[in-house]
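**Student:** Just need the structure, nothing else, for what follows:
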Amino acid sequence: MGVKGDALWEVQWHPAGGGKFRRLVLTRRGLRRTLVSLALVVLVALMIVAALPVGLRGFFTSFTVDAAQRENRALRLQGESLREQAYGLATQLRERVQRGRRVAWVVGAPPQAWEAPCPAPPPRGVADEAAIGWLGEQGARLDALGEVLSAPHDALRCPLSALPIASPVNMARAVPVALFGWRVSPFTGKTMAQYGVTLAAPQGEPVLAPGAGKVLFAGSVRERKANEWTRFGNLVAVDHGGGVVTIYAHLRDVLVKRGQTVTRALRLGSVGQTGWTRVPALYYEVRWPLAERNVPIDPGLVTPAVPVEDLDARLADPSAGLPGGFALLQHLVGRSDRPPARRPVRPAPAQPTPDAD
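**Tutor:** From the prediction side, this is the model:
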């Protein structure tokens, strides 16, 4: 067997019952192989232990990177959502500023309160600083408008309760089919002046008084001298005081009578299809004292719920430069189209003072 094959240790097992015995012999060659194998196992174990921190670091790093990427995506989506919300708020803010400009004009506030145009909100995609600056400027302007409107105004044409600022019909159920200005007539095909706004609405939709006043006319016009009014069908005219008059035409029925006092939101009648109209609609007109005459102006200036095509142009010229060929109130109610003159307030006569004793 040689030296390498000589036994170093021998272990024998002899069963107690006399069976076949077993033995384990460890030679020098076997010992060397065992030691080499053990050394290899130890070396592999040390390599694994040495590489374990790097693997763990990579393992946890992958989790950290994924978490950061998810957080970045969430923050990006949140930023986009906030920008959309800011854009929506900017649109609402501009609408409120525009409405405040209309009210300021109606109550006779100084021109600097309503003359300056309100710029459109910055478009999507611009720098956040520009959008924030726009919001700050228009927010400050809205605050200034609030202060102006809260102050008393001597130029108010009629009491606030009488101003026709409410909508004459539910705008959620109405569609503007003809705004104030020039339009093509559906009957003649020619361009004609539109002195009010035509709101298509369901037949029978309630028509409400937008402000307190007194009924000047209620019914339909049949007299030859007033044939300019016959195309309006059933109509109601309300005097709100101070030369402010509103007209409601194409009504299906009329629920008020001449001389009756009405309050805001009182039902005047309902939407119909009488007169010159192809669909059930309400023709709404506002007459305002301008240049010593009661002339039609854009109803959207006085009634904020009614849309205005170009607010800046209307504020500069409320009558839109339309010709004076509108139907005269005197042919409807027998009164002049000139607003009542303002009587100067005379001081009360001094009372005699009793002589002192």
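**Student:** For the rest of this, base every contact and every neighbour count on C-alpha atoms.
**Tutor:** OK.
**Student:** Do a quick rundown of the helices in the stretch 101-250 of the chain.
**Tutor:** Taking DSSP state H, counting those that start in this stretch, the helices of the stretch 101-250 of the chain run over residues 128-150.
**Student:** ditto for the stretch 251-357 of the chain
**Tutor:** Ranges of helices in the stretch 251-357 of the chain, per DSSP H, counting those that start in this stretch, are 299-302, 311-316, 330-333.
**Student:** and among those helices, the most buried is which?
**Tutor:** helix 299-302 (a mean of 25; mean count of other CA atoms under 10 Å).
**Student:** Quick check: which helices or strands does it pack against?
**Tutor:** When contacts are defined as 3 or more CA pairs under 8 Å, 6 or more residues apart in numbering; DSSP states H and E, helix 299-302 packs onto helix 28-106, strand 281-290, helix 311-316.
**Student:** just to revisit the earlier point, any idea which of the helices of the stretch 251-357 of the chain has the lowest pLDDT on average?
**Tutor:** Here the helices of the stretch 251-357 of the chain differ in mean pLDDT, and the lowest is helix 330-333 at a mean of 84.
**Student:** Please name every helix or strand in contact with that helix.
**Tutor:** Under the contact criterion of 3+ CA pairs under 8 Å, 6+ apart, helix 330-333 touches strand 213-220.
**Student:** Contacts only, for Val221.
**Tutor:** Neighbour list for Val221: 227, 229-230, 233-234, 332 [criterion: CA atoms under 8 Å, 6 or more residues apart in numbering].
**Student:** Kindly recompute the last result at 10 Å.
**Tutor:** 227-235, 331-332 (CA atoms under 10 Å, 6 or more residues apart in numbering).
**Student:** Asp310 too?
**Tutor:** The contact partners of Asp310, by CA under 10 Å, 6+ apart, come to none.
**Student:** got the helices of the stretch 251-357 of the chain as JSON lines, with distance to Arg264 columns?
**Tutor:** Converted to JSON lines, the helices of the stretch 251-357 of the chain look like this (distance: least, CA to CA, whole Å):
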{"stretch": "helix 299-302", "distance to Arg264": "14"}
{"stretch": "helix 311-316", "distance to Arg264": "25"}
{"stretch": "helix 330-333", "distance to Arg264": "22"}
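**Student:** Out of those helices, which is closest to Val107?
**Tutor:** For Val107, the closest of these is helix 299-302, at 9.4 Å, according to CA to CA.
**Student:** For that closest one, list the C-alpha coordinates in CSV.
**Tutor:** Once non-C-alpha atoms are left out, helix 299-302 reads as follows in CSV (Å, rounded to 0.1, in the frame of the first residue of the first chain):
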residue,chain,number,x,y,z
PRO,A,299,-78.1,93.1,-21.4
GLY,A,300,-74.9,91.3,-20.3
LEU,A,301,-73.6,94.5,-18.8
VAL,A,302,-76.4,94.6,-16.3
